[in-house]
Structures are given as C-alpha cells and as structure tokens.
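J.: after the sequence you'll find the predicted model.
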Amino acid sequence: MTLDINYFKEELLKEKTRLETELGTIAHHGNKKGDTWEAVNTDLDDSIDADANEVADKLEEYETNHAIATDLKIELDNVLSALSKIEADNYGICEVSGHEIEEDRLRANPAARTCKEHMNELEK
C-alpha cells in the first residue's frame, strides 16, 4: 500500500493547530518547552466574604478544564507522534502488530496508532 503522505501530514498539521488552539482556551503551557499543559486556574476568591457556591463553581470549572485538557493533550501527543513517524518514514505502521494500518482507518483518524484488528488494545 502506498499512502499519500503529504495528505496525511497536512491533515495532522491542521489537527495539531486545532488542538493547540482549543487547549489554549482552557490551559497554558506548564514548562518552557511547551510539552506540558496545565488547566487554567480560575480566579478563586480566597477572602472570607467569598460565596461558598461561587467557590464551588470555580473549583468545578477548574476540574472540568483539567479533565478536558488531559484528553486534548493525549490527542495532541498522538498527532505529534504521527508527525514524527512521517519524518522517520514509518508512518502508518501498527504499534501492536507491525503491519500496515488500513488507509480508511488513517483517513478516519490520521493519528491512529494501530490497525483495525488492534484498535482497542492501546489506550488513547
């Protein structure tokens, strides 16, 4: 099978931009290299006059942002890994079996790490 690597690279770069933009709305880079993301800390009012409901809402918002940021970071890591595989000339190879990943699977998810047979064997 011969894949149109340029097509997949373009799709992965678009997905990378989308994920980084989405992450940027709820998180910020946690280090200078930019490879970690931390949920945006909502402005909790620590004063004695703070309404307990407001504090609870802000804490819940932070926890939600943290969960979403974690999922988006996993997706971004998979996209970055796929882009690295393109550069290393081993894109489209199942991480479980070592066989080629089906083209229709890659078109559905260009960052796929496994073939259809093994798609449930690796976590996000």
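T.: Structure's in. What do you need?
J.: what is the subsequent helix or strand relative to the helix or strand bottoming out on mean pLDDT in the chain?
T.: Scoring the helices and strands of the chain by mean pLDDT, DSSP states H and E places strand 37-39 at the bottom, with a mean of 67. Next along the chain after strand 37-39, taking DSSP states H and E as the criterion, comes helix 52-87.
J.: C-alpha coordinates for stretch 103-120, CSV please?
T.: Below are the C-alpha coordinates for stretch 103-120, written out as CSV (Å, rounded to 0.1, in the frame of the first residue of the first chain):
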residue,chain,number,x,y,z
GLU,A,103,-5.9,3.5,4.7
ASP,A,104,-9.5,4.0,5.6
ARG,A,105,-8.6,3.9,9.3
LEU,A,106,-5.9,6.5,8.7
ARG,A,107,-8.4,8.7,6.8
ALA,A,108,-10.8,8.5,9.7
ASN,A,109,-8.1,9.2,12.2
PRO,A,110,-4.7,10.2,10.8
ALA,A,111,-3.1,9.8,14.2
ALA,A,112,-4.2,6.2,14.6
ARG,A,113,-1.6,4.1,16.3
THR,A,114,-2.9,0.7,15.4
CYS,A,115,-4.7,-1.3,12.6
LYS,A,116,-8.4,-2.1,12.9
GLU,A,117,-7.6,-5.5,14.5
HIS,A,118,-5.7,-4.0,17.4
MET,A,119,-7.6,-0.7,17.7
ASN,A,120,-8.9,-1.5,21.2
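J.: what's in contact with it?
T.: The contact list for stretch 103-120, computed with Cβ atoms under 8 Å, 6 or more residues apart in numbering, reads 1, 3, 8, 11-12, 15, 75, 78-79, 81-82, 92, 94-97, 99-102, 121-122. From N, CA and C alone the C-beta is placed, and that goes for glycine too.
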